[in-house]
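**Q** when you get a sec, could you give me coordinates for this:
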Amino acid sequence: MRASLVVAALGATLLVHGTVLAEDSKTGSKATTDAVETNPTGRERIVVDDGPNRLLLATGFVTLGFAYGISAYVAVGTEHGSEKWLFVPIAGPWVALARREDCGDRCNVEGASRALLVADGIVQLAGVAQIAAAFVTRELKERERPIIVPMRVEGGAGVSAVGTF
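**A** Residues are numbered from 1 along each chain as shown. Model prediction:
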């Protein structure tokens, strides 16, 4: 008896989940079905929005973290006041570049330092762009719509759900 109750509860849960997907596809909600089609076996397949693009999101965080990590490391060890701005993510390299002191004739690596600040700023902006793009290009997954059918079990009846979850 308990097994049939568990199966019935599971079936009811899946039935409600399938109903929510169908209702949401009519309203055009982003977190639900975008398309329904029938596969060769006759079962409906639905395309479900599964959230932001995980690969772009992870790549963006790694890119931003790597570039910011280098900036923070430089900011810790510098004696230049302008380079303390490298503690600020994204805007820090650009502010440090704008406030950079002139080292005059005693410095022959000034051009390289400015180029590295520009490169750091560009890489940090690229990381932010990848993170933003992850939310624009969503991950879509194709699933079969679950079929809920009554079933007979020894000592009672129940509900069976068949599909890809």
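**Q** okay, residue 153 and residue 162: tell me how far apart.
**A** 15 Å (C-beta to C-beta, to the nearest Å). C-beta here means a position set from N, CA and C on the backbone, and glycine is covered the same way.
**Q** which residues of this structure fall in helices?
**A** 2-27, 54-77, 92-98, 110-136 (DSSP state H).
**Q** which one of those has the poorest average confidence?
**A** Least confident of the helices of the chain, judged by mean pLDDT, is helix 2-27 with a mean of 41.
**Q** for stretch 123-133, which positions count as buried?
**A** 123, 124, 125, 127, 130, 131 (16 or more other C-beta atoms under 10 Å).
**Q** likewise for stretch 67-80?
**A** 67, 68, 70, 71, 74, 75, 80.
**Q** the fifth one against residue 86, yeah?
**A** Yes. A contact is recorded between residue 74 and residue 86 when judged using C-beta atoms under 8 Å, the distance being 5.4 Å.
**Q** circling back to that earlier point, so which pair among the buried residues of stretch 123-133 is furthest apart in space?
**A** Checked with C-beta to C-beta, these reach their widest spread between 123 and 131, with 13.1 Å between them.
**Q** neighbours of residue 116, how many?
**A** 16 (other C-beta atoms under 10 Å).
**Q** next up, the contacts around it.
**A** Not one residue lies near residue 116 by C-beta atoms under 8 Å, 6 or more residues apart in numbering.
**Q** where's it relative to residue 92, distance?
**A** Taking C-beta to C-beta, one finds residue 116 at 13 Å from residue 92.
**Q** same question, residue 63
**A** Here the criterion is C-beta to C-beta. By it, residue 63 lies 16 Å from residue 92.
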